[in-house]
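J.: Sharing a sequence plus its predicted fold:
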Amino acid sequence: MRKRALVAFLLAFVLLFTACQKEVKEPGNVKPTKEDSCTIGMSFDSFVIERWIRDRDVFVSTANGLGADVNVQSANGDVETQIKQIKYFIKSKVDAIVIVTIDSDALTPVIEEAENAGIPVVCYDRIVRNAGCSLYISFNNEAVGMSMGNGICKNIPDGSDIVKVMGPKTDFNVEQVMNGFDKACMDHNLNVLASCNCDEWKPEIAYEFINNNIDTVKEAEAIMCGNDALAGEVIHALAERGLSRKIFTVGQDADLEACQRIVEGTQLMTVYKPVERLAVLAAECTVKLAKGQPLENVSKFNDGKHEIPYIAIEPVGVFKENIDEIIINSGFHQHDEVYMNVTGSKK
């Protein structure tokens with residue numbers, strides 16, 4: 001009996017000691033357990049825009065590190081495909097859904113369906129209106145537009161003629177960006193000679209628009225482009241007529257080719273949006289929502305019908321003068337990549 005009592009005492013002591021040891025481990029050293037894991041369904045519009053690949057990779061890596069499995073799908077620009085993907089996620093009973101929406105209105109019913117099924121939905125970068133999603137996380141899109149407008153207005157006289165080559169009307173970000181752009185240009189009396197919306201953000205539409213309206217476009221002092229991919233095709237069309245250095249062109253996203261054009265002198269500026277920061281924060285918030293944990297430091301955004309949680313990250317205008325500081329020093333792009341077409345620029 002004494003031996004049994006002693007063994008029981010020693011066993012209890014070991015178990016108590018082990019439990020205490022577990023409690024004092026640093027959180028960063030504790031690997032997620034099976035109980036901590038969750039599943040996230042992620043549907044992208046497409047990967048036509050360069051930055052989405054970076055967003056995807058950072059999001060997935062961060063979520064994996066927090067114990068989440070991420071099922072990434074691309075709708076390739078087709079709304080019905082994206083709706084089917086979301087319905088599949090609902091049927092699979094994932095713990096959370098993340099959407100880079102194709103259409104800010106068409107997805108409303110299926111997002112409501114997911115939320116009603118108890119699955120939190122995160123609108124990443126683009127809002128789905130009237131859907132009451134659990135989180136909208138993006139950049140300050142009005143600030144993006146204001147940065148582009150200020151960039152143009154500082155380099156052309158008041159009353160100048162401009163052209164607008166914008167993204168699709170189905171993307172509510174386009175409206176927000178244009179609101180900011182118009183506010184920045186409000187007191188400069190700019191005259192819009194021509195404008196177009198590029199469906200599905202297809203750059204070839206921008207190229208065709210410039211070619212088909214070249215007699216009007218060549219009278220402009222500047223061209224506002226919805227993103228750097230559109231700007232690239234606009235500049236391509238201008239370059240074929242020797243106009244790429246005569247008309248100021250702006251974009252957003254700080255794509256590598258756009259940064260190259262800025263140092264080469266064919267694009268005036270772009271808007272840098274720290275996508276790594278957005279993707280990391282979105283992954284952290286999504287995992288919290290998947291586990292039923294509250295979000296902190298969120299504001300509110302009216303999606304047209306609901307006041308929803310909102311996180312916005314501020315963008316930065318990038319010109320030739322600050323491209324090293326903003327783009328290269330941050331590690332967003334490498335010096336040799338940005339300056340690869342500029343002679344005598346080796347660091």
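T.: Yep, that arrived.
J.: In contact with the spatially most central residue of the chain, which residues?
T.: With distances taken as C-alpha atoms, centre = their mean, D125 lies nearest the centre of the chain, 4.5 Å away. For D125, the contacting residues are D55, V100, I137, S138, F139, N173, L278, by C-beta atoms under 8 Å, 6 or more residues apart in numbering. All C-beta spots, glycine's among them, are computed from the backbone N, C-alpha and C.
J.: which ones among those are found in helices?
T.: D55, N173, L278 (DSSP state H).
J.: What's the per-residue pLDDT of the second one here?
T.: Reported pLDDT at N173 in the predicted model: 93.
J.: go on, P32?
T.: So, for P32, pLDDT stands at 45.
J.: Pull out the buried positions in stretch 184-203.
T.: Neighbour-count burial for stretch 184-203 flags 184-185, 188, 190, 193-194, 196-198, 200-203 (criterion: 16 or more other C-beta atoms under 10 Å).
J.: Output those residues in TSV, with pLDDT, distance to A282 and secondary structure appended to each entry.
T.: Formatted as TSV, the buried residues of stretch 184-203 follow (pLDDT from 0 to 100; distance: C-beta to C-beta, whole Å; DSSP: H, G, I helix; E, B strand; the rest coil):
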residue	pLDDT	distance to A282	secondary structure
A184	97	28	helix
C185	96	31	helix
H188	97	36	helix
L190	97	35	coil
L193	98	39	strand
A194	97	36	strand
C196	97	31	strand
N197	97	27	strand
C198	97	26	coil
E200	90	23	helix
W201	94	20	helix
K202	94	26	coil
P203	96	26	helix
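J.: Distance of the residue nearest to the centre of the chain relative to V177?
T.: In this structure, D125 and V177 are 12 Å apart, going by C-beta to C-beta, to the nearest Å.
J.: Then K84?
T.: Counting by C-beta to C-beta, the gap from K84 to V177 is 29 Å.
J.: So for those two, which sits in the more crowded spot?
T.: V177 (28 against 15; other C-beta atoms under 10 Å).
J.: thinking that one is in contact with M148, fair?
T.: Yes - using C-beta atoms under 8 Å, V177 is in contact with M148, at 7.5 Å.
J.: So for these two, which residues contact both of them?
T.: Q252.
J.: re the thing from before, right, and out of the contacts of D125, which lies closest to L289?
T.: Using C-beta to C-beta, I137 comes nearest to L289 of the contacts of D125, at 10.9 Å.
J.: Domain-wise, how is the chain divided?
T.: 36-140+274-314, 142-273+317-338 (automatic domain parsing).
J.: Between the two ends of the first one, what distance do you get?
T.: Read it as domain 36-140+274-314. End-to-end distance for domain 36-140+274-314, by C-alpha to C-alpha, to the nearest Å: 32 Å.
J.: do the same with the last one
T.: Criterion C-alpha to C-alpha; first-to-last residue distance in domain 142-273+317-338 is 27 Å.
J.: Please identify the buried residues of stretch 301-312?
T.: For stretch 301-312, by 16+ other C-beta under 10 Å, it's F301, D303, I308, P309, Y310, I311, A312.
J.: would M42 count as being in a strand?
T.: Yes - using DSSP: H, G, I helix; E, B strand; the rest coil, the assignment for M42 is a strand.
J.: show me where the stretch 101-250 of the chain has helices.
T.: 108-116, 141-153, 172-185, 203-212, 214-217, 228-239 (DSSP state H, counting those that start in this stretch).
J.: Out of the ones you listed, flag the one nearest D95.
T.: helix 108-116 (11.3 Å).
J.: can you redo the buried residues of stretch 301-312 as CSV with pLDDT, distance to L256 and secondary structure?
T.: Output for the buried residues of stretch 301-312, formatted as CSV (pLDDT from 0 to 100; distance: C-beta to C-beta, whole Å; three-state DSSP):
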residue, pLDDT, distance to L256, secondary structure
F301, 95, 31, strand
D303, 94, 33, coil
I308, 97, 34, strand
P309, 97, 33, strand
Y310, 97, 30, strand
I311, 97, 27, strand
A312, 96, 25, strand
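J.: between the residues you listed, which is nearest L289?
T.: Distances from L289 to those, taken by C-beta to C-beta, are shortest for P309, at 9.3 Å.
J.: Show me the beta-bridge partners of that closest one.
T.: K300 (DSSP bridges).
J.: give me the low-pLDDT residue ranges for the protein?
T.: Applying pLDDT under 70 to the chain flags the ranges 1-35, 344-347.
J.: sorry, back to before: farthest pair within the contacts of D125?
T.: Top of the distance list for the contacts of D125 (C-beta to C-beta): D55 and N173, 13.9 Å.
J.: mind listing the strands in this protein by residue range?
T.: 38-44, 68-74, 96-99, 121-124, 135-139, 161-166, 191-197, 222-225, 248-250, 270-272, 299-302, 307-313, 316-318 (DSSP state E).
J.: Mind putting these into a markdown table with distance to A114?
T.: As requested, these are exported to a markdown table (distance: least, C-beta to C-beta, whole Å):
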| stretch | distance to A114 |
| --- | --- |
| strand 38-44 | 9 |
| strand 68-74 | 14 |
| strand 96-99 | 6 |
| strand 121-124 | 5 |
| strand 135-139 | 13 |
| strand 161-166 | 30 |
| strand 191-197 | 29 |
| strand 222-225 | 34 |
| strand 248-250 | 37 |
| strand 270-272 | 31 |
| strand 299-302 | 18 |
| strand 307-313 | 14 |
| strand 316-318 | 34 |
